[in-house]
Every structure is written in C-alpha cells, then in structure tokens.
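Undergrad: what shape does this take:
(2 chains)
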There are 2 protein chains.
Amino acid sequence: MAKALGRGVVYFDTPVFIASSAAVAGKKEGAGPMGQCFDRVEQYSRFGQKTWEQAESRMQQETIWLALDKAGLTADSADLILAGDLINQCTSSTYSIRPFGIPFLGLFGACSTMAESLIIGSLFLSAGGGERAVCATSSHFSTAERQFRYPLSYGGQRPPTAQWTCTASGAAVLDTVTASSPKIEGACIGRVTDLGITDANNMGAAMAPAAADTLTRWFHATGTSPDNYDLIVTGDLGLYGGELFTQLMMKQGFDIKPCYRDCGVMMFDGETQDTHAGGSGCGCGGSLLCGHFLPLIRQQRIKRMLFMATGALMSPMLVQQGESIPGVAHIVEIASGEENYHA
Amino acid sequence: MAKALGRGVVYFDTPVFIASSAAVAGKKEGAGPMGQCFDRVEQYSRFGQKTWEQAESRMQQETIWLALDKAGLTADSADLILAGDLINQCTSSTYSIRPFGIPFLGLFGACSTMAESLIIGSLFLSAGGGERAVCATSSHFSTAERQFRYPLSYGGQRPPTAQWTCTASGAAVLDTVTASSPKIEGACIGRVTDLGITDANNMGAAMAPAAADTLTRWFHATGTSPDNYDLIVTGDLGLYGGELFTQLMMKQGFDIKPCYRDCGVMMFDGETQDTHAGGSGCGCGGSLLCGHFLPLIRQQRIKRMLFMATGALMSPMLVQQGESIPGVAHIVEIASGEENYHA
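TA: Take a look at the predicted model:
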C-alpha cells in the first residue's frame, strides 16, 4: 500500500525494491566522464540496424535484457513493463518490447519518462497488482534531433543553450522481495508547468519551472529540506536550466546547490565534447540513474537521493503554431537499506 | 489493494468507483446513431480555435471540466490526471490539462488510452496514492488523418477497410467513496501483439489479434466466460477487425458474438455516413464508454461489462521503413452496484 502525503505526493508503505538495473550507451556517451558506468558502449550508433529508429529500439531492448539477466530473470517472470521514449508514437519502446510478451503500459512523459515508469511501477507493486515490473526508457541522438529540430545532414548551428540528445538507455527491474536492494520510498507526480518558453534550443529553461514546482511541493508535503538528502539529481536540465532551477528553489527558500547534480551536465565533458549546455533525452537521466546512481546506492555510498526526471513536452508542430513548450517533472525518492525514513 | 489473478490481470479489492463521466463530440458523430449520448455536440470542428490541434485540446479540456462539474468538483480536488491521445508528443492532452494544475502522468497507448488511463487510475487509488483521479482521452478527425495518412485536402481514396477517426472525447472521475456509482472491478493489461499487418488503412486487422490475446488471457485468469458478462465492448475494431476478433475468439473456444459490440461500428450509420468500416480513434471508445455505457451501468441496465480499448501502435515513419503495425488491448471490467463478483 501507499499513502498520500499531498496531491500526487505518495509514500510507499509496501517496500518497492530495485532488484537490478542496466544501462547501454553510444560511443560519444561512452567517451565522456561517465563512460565507465555503462554495461555496454556501442561503437556504431546504428546498433547493427538499418535505420536510426530500429537502432534505438534495439538499444532499449538490449538494456531490458541486461536488466532482467542481472536479476536472474527471463521476460516470462515480469508481470508488467512500463516504457516510453521521445519518438512519435513511442515506437522505440513498442517495437523494443514487442518480442517480450510482457503486459505493457506505454508512457509519454518526454524526458521525465524514467521517473514516470518507476512511479507507476511502484504503484502497481504496492497495490498488489503483481510481483515484478520492468521500467525502461531510451533516447538516440539521430532519431530525436531530426524529429525535433533539423535534418541530421543539415548541419544547423547550435546555440550555447542547446543540449545534445544522448544515445543511451536505462532499465530497472522492480519487485517487492529483494530486500537488500535500493528501495523506492516515495514519489511526487509533477504538474504541467509553462512559463512561455518557445525556443526549441532552450529546453532547460522550459523544464526548470516544472522541476522547481515539483521539488517545492515535495519538500512541503514531506516536511523535508535539502539537508535530508545526499543528492538531488535532475535528468537533463543542463547548465542553464540547472542554474535557473537552483535560483527558483532559492526563491522558495531552499538552497539545493550543495547536493544538486544534473545528469545532462555529468554526461559529457563540455570543454572537449562540444555539447554546449550538456546532454538531454530520456536516456540521459535514465542511463545515469541505472548505470551510476543505483549501483552507488547498492554500495551504500549514497544513502538517500531524489531522482527527478524533467520533461519538455515539446511538439515541433505546436511550436510552429506559436505555442510555448510546457514542462513536467516527477520525483522518485530512492534509499539504500531497509529502513523507512517516513515511517 | 489489488490482487494479481495472472500476469497483468488484476482484481481491485479496494473499490474504485466512477463518480462521473462526460463525453463531447463533433458534428458528424452527433449526427450518427449515438448522437443523443453526448453531453455536447460541437457544430464547428475547430471548437473556436485557430488550428485543429488546438481544437482537439479544447474539446478534451471541456470534457474534463464537464466530468469534474458533474461530480461537483473543481480541478483542485483531483490528486492525479491520466491522459493521452494520438497526436505526436500527446499535445492534445498536455495542452488540454496545462491550466488545471493537477499532477499529471502522460500515456501513450494509441486508441487503447481510455482503458489504460482507467487501469492506472484504479491502481493509484487502490494503492492509496490519493482519493480522486481523472482519466481522459480524445481524438479529432482533422488532427489524426493528416498525421497518420494524407493531407486533409488531398482527398485520398479510402478503401472499404478504412475507418473514420472520430472527433470525440471522454473523461471520467474515479474515486474510492461514491459507492452508488459504476465500479471498476478488474483489469487486464495487454501485450504488444503483431501479426505483420502493414496497411495503415486496415487498423482493425492490426488490433484484432491483440484484442483476442487480452480477452483470452482474461477468461483464463478469471475463470469466466462470455456468459458472465452482459456486454463485451471493444473501442474501435470496426466491421472487419471485429469480425476477425470474434473468429479468433471462437478458435480459442469462446463464442462472444451474442454479447459483443464495437464502439467503432456503433458510432456511425455506415449506410448514410460514408464511414466505411466504422469509427476509430481514442475518442471513439472513450466517448461511448463515458457517454453511453457508464450511464447505462449507473441505471442498472447493464450489470457487468468488459470495456476493451484496442490500440494500433502505428507510426507512419516506421511503416515507411517497412515495419508492421503492432497492436495492444487493455480490458477494464466495470459493474453496477456494490457487490464483488470475484470476492
């Protein structure tokens, strides 16, 4: 069971454990500062497929296999799979999971998808709907850039606020029994927030207000403050979005800077990799959560963190019609050990 | 709480009630045989907006307002909203719910979205994550046809298997307290099923195998048969998909014909409205569930039904790349009164 600490703020009484996780990434991500954390780095971004879209599906599929394999499971042992991505009709996910035969709920939360899948997976397990759920997401530079911005061969100039969509995927297996694993303790479901950003090359600014809204609601509902967490990690706000986010939180009376990290900033070496404001994409936060942070929690090197994946709900067509870009951000609280913080 | 009757087959011990529902539709849908069931029929398919996409958002937004209003609620009283649609990046939903300030989880299940939203809403409430959840979906002929098939003004010929994307929206408010309302008793989460259909004008055939897979799994897990239900209703299989579905079920040993209806077939008068194999779209099943079937359950004229929304996970780009069209179908079991069937 769960209990509501506020609107959309949930604490899980029934323990939800992350039995295993896996991360796969492309060559550029593998060459960055986080390269060592991935289970596999693919040198050819086509992943042996004919098209970029098939490549992303294949990458996500391999990540799910790896996560299942690490938990000693086959696809038959999962009751539910939750997945989504950036590509129209979420095809990277639907084609990825097609051979698995696992009951499937498709999600669209843009880059907030990893957190969204963990939240719904936790609700499913804590309600007693099953014993095991798989959560997955992915993004691919070559599928996302041409869908959201310019044809790949066009060579459009990228402004300093632009981020680099990561070729990366993360997957995690949730259950209610593997008691020594990282544990999902709570969640905060985000609200659609829109402060009027219309620049498709400034996603960080479009998402920062949503992140500030969600984190402020979480602090108020749980009665906690930044001091209660070893880390507060966003998915892909990037350099400028992250700066705006910390400023917005300061206005709310919370100084998060000492414990704040952003996966987009961590993913690349900005000086040598020409990635401007940092990495982005569902796979950015998803792969670093699954490849970097969850192992650190498992080793007790992180005791308690908030993982907040942020999504820019960006539609090229709607932006062409003059609309602004709304954002959304969801928090998942993850802790090591078996102690309940809110109990 | 819920209990698992099988993989992805869930029965809700904690009662989940449908406190209210609303449906809004366009002129053509209003002129069809189901025209009387809608709360509002809009004569101008632009819904007072500048673009078709904004029109669909506006229609969905009005439907949600109507559903909240019928339950005597404002947006502030909802803990969660679950919505999705057919349009890239699910913008009809994200822009629709932007002003509400309700915690939001975005879904992509193509035309299976109404059932998907009811399932996740029921999991959220039965886990104790909150007291009230809103579930919504929509589709619009003019946004969907140009995205998935041809430009509207192109005037492409439609083959007999083609369906007509409905301009319609449905919304429902779930809670755990309004005990006299229709009750969600169980659910079956579908698997991605693909028998190799590549014809974007034959969605019914792409979805029928998924529908048969889900319904067969449901019957086996619950130990029920068609005799246990007043009605088994699919969202938008249409004439040919529905025929294929009943044949596939017969092969599994279940004769569903006596209690089977399809919202796509019900929506239009095929003889006079030139809609070929029937209606389709998330809003087809969503609006008839919310506008037609739920009121009949409330009046005890239907005691127990299975609502199965079917989705063709169709991507124009992937079809152009030679891929086939996978389908998915989710079941929600809805009953009148307060008795538990599975208890």
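
Undergrad: residue contacts, the closest residue to chain B within the stretch 101-250 of chain A?
TA: Residue of the stretch 101-250 of chain A nearest chain B, by CB to the nearest CB: residue A:103 (2.7 Å). Every residue, glycine included, has its C-beta placed from N, CA and C. Going by CB atoms under 8 Å, 6 or more residues apart in numbering or on different chains, residue A:103 touches A:79, A:80, A:81, B:7, B:8, B:188, B:189, B:190, B:191.

Undergrad: which of these sit farthest apart?
TA: Farthest pair in the contacts of residue A:103 (CB to CB) is A:81 and B:188. Separation: 14.8 Å.

Undergrad: how far away is residue A:42 from chain B?
TA: Distance of residue A:42 to chain B, computed by CB to the nearest CB, to the nearest Å: 20 Å.

Undergrad: neighbours of the nearest residue to that residue once chain neighbours are set aside, how many?
TA: Distances taken as CB to CB, 6 or more residues apart in numbering or on different chains put residue A:26 closest to residue A:42, at 5.9 Å, once the chain neighbours are dropped. The number of residues packed near residue A:26 is 25, by other CB atoms under 10 Å in any protein chain shown.

Undergrad: quick one: residue A:26 and residue A:152, what's the gap?
TA: 14 Å (CB to CB, to the nearest Å).

Undergrad: how about residue A:4?
TA: 45 Å.

Undergrad: tell me the pLDDT of the residue of the stretch 101-250 of chain A closest to chain B.
TA: Residue A:103 is assigned a predicted lDDT (pLDDT) of 98.

Undergrad: phi and psi next, for it.
TA: Main-chain torsions, residue A:103, degrees, to the nearest 10: phi -50, psi 130.

Undergrad: with adjacent residues omitted, what lies nearest to it?
TA: residue B:8 (2.7 Å).

Undergrad: contacts only, for that neighbour.
TA: Counted by CB under 8 Å, 6+ apart, residue B:8 has contacts A:79, A:80, A:102, A:103, A:130, B:188, B:189, B:190, B:191, B:217.

Undergrad: tell me the contacts of the second one?
TA: With contacts defined as CB under 8 Å, 6+ apart, the neighbours of residue A:80 are A:102-105, A:121, A:124, A:129-130, A:132-134, B:7-8, B:189.

Undergrad: where does it land on pLDDT?
TA: For residue A:80, pLDDT reads 98.

Undergrad: before we move on, the earlier item: list phi and psi for the residue nearest to residue A:103.
TA: Per degrees, to the nearest 10, the backbone of residue B:8 is at phi 70, psi 10.

Undergrad: now do residue A:147
TA: Main-chain torsions, residue A:147, degrees, to the nearest 10: phi -80, psi -40.

Undergrad: likewise the one 4 residues further on?
TA: Taking degrees, to the nearest 10, you get phi -50, psi 140 for the backbone angles of residue A:151.

Undergrad: got it, and residue A:168?
TA: Torsion angles, degrees, to the nearest 10, at residue A:168: phi -160, psi 160.

Undergrad: bridging residues for it?
TA: Beta-bridge partners recorded for residue A:168 (DSSP bridges): residue A:25, residue A:139.
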